[in-house]
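Enquirer: Fold the following, please.
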Amino acid sequence: LDSRTVDIISEKGFNHTVIDCEMTGGAASFTTTANFRVVIDGFSIRNCESKSGGALVFRQRSLTRVTRIDEAGGDASQCQGRQCLATPVLKNCFLYTNAASSLGGAVLITEGYPVFEDCI
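Expert: Below you'll find the predicted structure:
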């Protein structure tokens, strides 16, 4: 997704909105592109297990991949600096009993600037 904010918001909050992976994998994985941002608000995410990022994974995209060409023939998909980094916002979330065999027991964020607001 380019130049978008994806809001994933529960209607009843983390006491009533549960994502239970039942130890069969992770809940979600996102790869950033230019100006991409995801907001996850009001979920309990539990019993997720994977090699990296037990529940959630946010990765920086490859800067060498050209996916769009602008009118002048330049790489319109190329982002620079912080805009290429994972910048997830997790609000009012409860992350528990998640595991990773390598990195990021609950959340793995590669080269990013995450924001956690009122998470347990």
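Enquirer: Give the residue spans of the protein that score low on pLDDT.
Expert: Scanning the chain with the threshold set as pLDDT under 70 gives 1-3, 32-35, 60-86.
Enquirer: ok, residue 24 - how many residues close by?
Expert: With neighbours defined by other CB atoms under 10 Å, the count for residue 24 comes to 10. The way it works is simple: take the backbone N, C-alpha and C, and place the C-beta from them, glycine included.
Enquirer: er, residue 8 actually
Expert: Here the number of neighbours of residue 8 (other CB under 10 Å) works out to 12.
Enquirer: so the closest residue to it other than its chain neighbours is in which element?
Expert: The spatial neighbour of residue 8 that comes closest, neighbours along the chain excluded (CB to CB, 6 or more residues apart in numbering), is residue 40 at 4.9 Å. For residue 40, the host element (DSSP states H and E) is strand 37-41.
Enquirer: so what strands line up beside that strand?
Expert: Strands adjacent to strand 37-41 in the sheet, as given by DSSP bridges, are strand 5-9 (parallel), strand 89-91 (parallel).
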